[in-house]
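A.B. asks: Got a predicted structure here, sequence first:
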Amino acid sequence: MKIGVLSDLHIDMNEKKLEIGQKYDRLLADLLYNNEIDLLLLAGDISSDYHDSLKFLDQMAEHDVSEILFVPGNHDFWSIRNGETNTKEIYKAFQDREESPVRNPFIINDQTAIVGNPGWYDYGFASDKYSTVEFENKKLKVGGWNDRLFVHWNEPDQVVAQQMLDQIENDIQLVGDREIILMTHVVTHPQFVVPLPNRIYDYYNAFLGAKSYYSLYEKYPIKHSIMGHVHFRKTLIENGIQYYCSCLGNGKHWYTNDAYTELSYTLETFLINE
Ligand SMILES: [Fe+2]
């Protein structure tokens, strides 16, 4: 089975990169077809409005090129056009879809299974010179973290991060002793956040990932770990675990001006024996 890894398509933000007549769902379908991808792991942030993200998943299902597993990113929880504020309902809309691995790990065979969850940030990768309250405010003089305007869990981020971690561990129990491919949106490994000290990211690293999730790699037989969110592209092998961050990211960071070429640069693939 050939598995593809991508995240952070941000089809709305990157719309200006399209030529007349191009659409991201069609480009992605072509990419999956041309690379003979059996299963795409899409690690969040299709767009900044959950309606658009759901519609995109519908379009990909219609193209029917590869199977897709998807976990929403922080931007997918936004309702930037309609101003809906019930984030838990929006999360449920994603979990109700066939593409959701939450509570429903994807069993490839007796050896390997995929566990996926958006995850949420726990502030753990930031400098300890700031207080929890300063992180909860999501705003400093240097600027704000916009989830404060568009994501409404009605619970502290650290509580949400822990609930998501608990769900990951519950789902890992469901796959028995299989080796695990883990997919989250948030970063789970310190090599994928910004090195500190850093004038800006001493603070903003708080919102990039969940340091508490790093313990998963010691506790469970995770062999591949997929994440997104940080808008750079990087792979890492550590202690026999292959980590991937394959963000298409914001167009201003692209190497080219062509959406298909940039998608093909971003895609990572690996093989699992069926
Ligand atoms: Fe993103």
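C.D. replies: Arrived safely. Residues are numbered from 1 along each chain as shown.

A.B. asks: how about the strands in the stretch 151-274 of the chain?
C.D. replies: Assigned by DSSP state E, counting those that start in this stretch, the stretch 151-274 of the chain shows strands spanning 179-183, 222-227, 233-238, 241-246, 268-271.

A.B. asks: Now do the buried residues in stretch 187-200.
C.D. replies: 187-189, 192-194 (16 or more other Cβ atoms under 10 Å). For every residue, glycine as well, the C-beta is placed using N, CA and C.

A.B. asks: swap that for stretch 85-104, please
C.D. replies: Residues 87, 90-91, 94-95, 99-102 are the ones in stretch 85-104 that count as buried (16+ other Cβ under 10 Å).

A.B. asks: for stretch 45-56, same thing?
C.D. replies: Within stretch 45-56, the residues that qualify as buried are 45-50, 52-54, 56, counting by 16+ other Cβ under 10 Å.

A.B. asks: just stretch 209-229 next, same as before
C.D. replies: Applying 16+ other Cβ under 10 Å to stretch 209-229 flags 209-213, 216-217, 220, 222-229 as buried.

A.B. asks: What is the nearest of these to residue 146?
C.D. replies: Taking Cβ to Cβ as the measure, residue 146 sits nearest to residue 229 out of the buried residues of stretch 209-229, at 13.5 Å.

A.B. asks: my guess is the closest one contacts residue 185, does it?
C.D. replies: Yes - counting by Cβ atoms under 8 Å, residue 229 does reach residue 185; the two are 5.4 Å apart.

A.B. asks: For the protein, which element, helix or strand, carries the lowest mean pLDDT?
C.D. replies: Least confident helix or strand, the chain: strand 143-144 with a mean of 90, by mean pLDDT, DSSP states H and E.

A.B. asks: Could you list the residues in contact with that one?
C.D. replies: In this structure, residues lying in contact with strand 143-144 by Cβ atoms under 8 Å, 6 or more residues apart in numbering are residue 138.

A.B. asks: following that strand, which helix or strand shows up next?
C.D. replies: Downstream of strand 143-144, the next assigned helix or strand under DSSP states H and E is helix 147-150.

A.B. asks: Pull out the CA atoms of that next one and give them to me as CSV.
C.D. replies: The C-alpha coordinates for helix 147-150 follow below in CSV (Å, rounded to 0.1, in the frame of the first residue of the first chain):
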residue,chain,number,x,y,z
ASP,A,147,-7.9,30.9,17.2
ARG,A,148,-8.9,33.2,20.1
LEU,A,149,-11.4,34.8,17.7
PHE,A,150,-12.7,31.7,15.9
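
A.B. asks: Now stretch 103-118: buried residues?
C.D. replies: Buried residues in stretch 103-118, counting neighbours by 16+ other Cβ under 10 Å, are found at 105-106, 108, 112-118.

A.B. asks: and the residue positioned nearest the centre of the chain, what does it touch?
C.D. replies: Centre of the chain computed as the mean C-alpha position; nearest residue by Cα atoms, centre = their mean is residue 185, 2.3 Å away. Shown in contact with residue 185 (Cβ under 8 Å, 6+ apart): 7, 43-45, 71-74, 118-119, 227-229.

A.B. asks: so what does the helix or strand encompassing residue 59 touch, helix or strand wise?
C.D. replies: According to DSSP H and E, residue 59 maps onto helix 50-63. Under the contact definition 3 or more Cβ pairs under 8 Å, 6 or more residues apart in numbering; DSSP states H and E, helix 50-63 sits against helix 24-34, strand 67-70, helix 87-95.

A.B. asks: The top helix by length along the chain to strand 222-227, inter-axis angle?
C.D. replies: Using DSSP state H to define each element, the chain has its longest helix at helix 157-173. Orientation of helix 157-173 against strand 222-227 (axes from the mean of the first three to the mean of the last three Cα atoms, to 10 degrees) gives an angle of 140 degrees.
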